[in-house]
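K.L.:
no sequence on hand, only this structure:
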């Protein structure tokens, strides 16, 4: 790092300042590393939960699609679409956030999606009982999917934060700290060199003075 | 909820409020852009086939979004879901190991 070396002045003050900066950087590095470890634990835990949840939610969704297909076969496309149009649509999701190591993560209240047939809003006497089943299946799937979405999105945000933290740790470890260390060794070398210069100079002066006295 | 017609019908039976049937790329992207910046939307579901069809334009929108609305990719009515999805790639990149999610 020739440029950095040329801009720093080899004084004792500078040396002390650099030593302080190194120890601060080291402290920051250790803290960030701990943060990364904690995030990683959370990350892997969430991944494991997603695995199970995905299997559950996707199989529920597949089941719902099967039932819907059956229903369409019985009721016909037009009547099914009409029923879908007249269904009451007011699922509300309550959301909030939680924080893990300073990362904001979403929380979704498990919604009450399952309704009774009379609450859905389509006309009961024109629709098949299969429609009730299909609707119920979709309501169930929706609930699981909400939970899955919360987990997946959390993992995504923790993943981003992990990458950012890792970059910072690496920058400290491989760039900043080595650079400061090399500056420190440069300054201490220069200081020692100056001391030796001085020593030689004093010796020389002494010799000259003694020569003069003898004359 | 954005997806093919079957999936949209299914979720409308479940009472989902905002529904969009994907027909044209441009129209759907516009709709998704509006939904992603709407604070009253908590969860946006997209079927995987639609997501693949929209491609990088959608990914750009997704990257810009905030914490909410949550985005979830779900299998379409034929049960199609990519073997290696975006989440799994993220996991592999960050954890350095392959973790099979599906």
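P.N.:
Received the coordinates, thanks. Every value quoted in this text rests on a predicted model; they were computed, and no experiment measured them.

K.L.:
report the central residue of the chain.
P.N.:
As the question left the chain open, I've gone with chain A. Residue closest to the average C-alpha location in chain A (Cα atoms, centre = their mean): residue A:161, at 1.9 Å.

K.L.:
think we crossed wires, I meant chain B
P.N.:
Central residue of chain B (Cα atoms, centre = their mean): residue B:46, at 2.9 Å.

K.L.:
now for that one: which residues touch it?
P.N.:
B:2, B:3, B:32, B:58, B:71, B:72, B:73, B:74 (Cβ atoms under 8 Å, 6 or more residues apart in numbering or on different chains). For every residue, glycine as well, the C-beta is placed using N, CA and C.

K.L.:
check which helix or strand it maps to.
P.N.:
Applying DSSP states H and E as the criterion places residue B:46 in strand B:43-47.

K.L.:
immediately after that strand, which helix or strand?
P.N.:
Using DSSP H and E, the helix or strand that follows strand B:43-47 in sequence is helix B:48-54.

K.L.:
how about that following helix: buried residues?
P.N.:
B:48, B:49, B:50, B:51, B:54 (16 or more other Cβ atoms under 10 Å in any protein chain shown).

K.L.:
so can I have a markdown table of those residues showing distance to residue B:85 and pLDDT?
P.N.:
Below are the buried residues of helix B:48-54 laid out as a markdown table (distance: Cβ to Cβ, whole Å; pLDDT from 0 to 100):
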| residue | distance to residue B:85 | pLDDT |
| --- | --- | --- |
| B:48 | 7 | 78 |
| B:49 | 12 | 77 |
| B:50 | 14 | 76 |
| B:51 | 9 | 74 |
| B:54 | 15 | 73 |
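
K.L.:
would TSV of those with distance to chain A be doable?
P.N.:
Output for the buried residues of helix B:48-54, formatted as TSV (distance: Cβ to the nearest Cβ, whole Å):
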residue	distance to chain A
B:48	11
B:49	13
B:50	15
B:51	13
B:54	18
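
K.L.:
for chain B, which segments count as strands?
P.N.:
B:2-3, B:20-21, B:43-47, B:70-74 (DSSP state E).

K.L.:
residues touching residue A:180, list them.
P.N.:
Counting by Cβ under 8 Å, 6+ apart, residue A:180 has contacts A:18, A:21, A:22, A:25.
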